[in-house]
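A.B. asks: Using only what follows, build the 3D model:
(one chain, ligands or ions: 1)
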Amino acid sequence: MSREVKRYYLEAPEEEINSDIAPKTFDIWGIMDDYGKKLKLGNRLLDVGLGTGRFTLQAFKKGYDVMAIDLLPEFIARVTRKHPELKKRLHVVNLLDEKSVLKFVEEYGQFDIVTALGVVANHAQNKHGMTKILYNIVKFAGTNSLLVVDLLLEEMFPGKPQIIWSDFTHTLTSLTEMGQIFQKYGFTLLDAYTIHETYPAKGELFPEFNEHSIRIFIHKPW
Ligand SMILES: C[S@@+](CC[C@H](N)C(=O)[O-])C[C@H]1O[C@@H](n2cnc3c(N)ncnc32)[C@H](O)[C@@H]1O
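C.D. replies: Okay, here's the model as predicted:
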């Protein structure tokens, strides 16, 4: 993570860091619950890139055996201060660093549900990093597991840019790359939604900003 992104995260208001996890028309908990039953999933959930910890806390309160990771120790410390009941469940892991990911998996095992909400996966400075993050996220998912991932795809933006600017650089993946990952792991695409978020204007220099990403529900059979 660049210094610029880190400064943004440590200074941004919480409502800006939180993704719109459950807009009125979107019931993430209902969908996860349905697939949990249909696929006979276990109860261990890993929240990748916890941010303010809002989703992690909701998952914990809903009875999931939850753990969460983030690159920023400041975020882990902040969430732990507010919610000491989550203390042992939160860990620093860098998604760009395979060693850090494998060490965590070795210690805590793989998970039945892996969430990476709020376009965590697109937080890379270049294509190489983006691909690394995607493959590293899959390493957390066990046999017969559900992945819920928010993504920015090149195909969602006119001219198919590889990088876009929204507060800071986001690197985009593509349908082609996702297809390769699906093929490699035998994934099934269970559901796909478009999430629209509107960031209010911040003075004349920063007009209202519309963001959209896709949220996909993936089954990893093995
Ligand atoms: C937009 S926030 C999303 C927070 C939360 N998932 C949500 O939906 O509200 C992205 C989060 O990803 C984390 N992140 C970015 N790069 C990361 C990396 N390389 N490894 C682990 N976490 C990372 C950031 O620190 C931040 O907490």
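A.B. asks: burial of the closest residue to residue 172 other than its chain neighbours, as a residue count?
C.D. replies: The shortest distance from residue 172 to any non-neighbouring residue, by C-beta to C-beta, 6 or more residues apart in numbering, is to residue 154 (4.5 Å). Bear in mind the C-beta positions are built from the backbone N, C-alpha and C, glycine included. Neighbours of residue 154 under the rule other C-beta atoms under 10 Å: 18.
A.B. asks: do you know how far residue 154 is from residue 1?
C.D. replies: 22 Å (C-beta to C-beta, to the nearest Å).
A.B. asks: rewinding a little: could you measure from the residue nearest to residue 172 over to residue 134?
C.D. replies: 14 Å.
A.B. asks: Ok, residue 71 next?
C.D. replies: For residue 71 relative to residue 134 (C-beta to C-beta), the value is 16 Å.
A.B. asks: What helix or strand is residue 59 located in?
C.D. replies: For residue 59, the host element (DSSP states H and E) is helix 54-61.
A.B. asks: In that helix, which of the residues would be classed as buried?
C.D. replies: Neighbour-count burial for helix 54-61, counted by 16 or more other C-beta atoms under 10 Å, picks out 54-60.
A.B. asks: Other residues contacting that helix?
C.D. replies: Identification of contacts with helix 54-61 by C-beta atoms under 8 Å, 6 or more residues apart in numbering yields 18, 21, 29, 45, 47, 50, 66, 68, 79, 83, 85-86, 89-90, 115, 117.
A.B. asks: Same check on stretch 66-75?
C.D. replies: With C-beta under 8 Å, 6+ apart as the criterion, stretch 66-75 contacts 1, 6, 9-10, 44-53, 56, 59-60, 76, 79, 86, 89-95, 104, 108, 111.
A.B. asks: What of stretch 175-188?
C.D. replies: Against stretch 175-188 from outside (C-beta under 8 Å, 6+ apart): 131, 134-135, 138, 147, 151, 153-155, 189, 218-222.
A.B. asks: From the residues you listed, list just the buried residues.
C.D. replies: 131, 134, 138, 147, 151, 153-154, 218-220.
A.B. asks: could those residues go into TSV alongside distance to residue 199, pLDDT and secondary structure?
C.D. replies: Converted to TSV, those look like this (distance: C-beta to C-beta, whole Å; pLDDT from 0 to 100; DSSP: H, G, I helix; E, B strand; the rest coil):
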residue	distance to residue 199	pLDDT	secondary structure
131	27	97	helix
134	25	98	helix
138	30	98	helix
147	26	98	strand
151	19	97	strand
153	20	97	strand
154	22	97	helix
218	27	98	strand
219	32	98	strand
220	32	98	strand
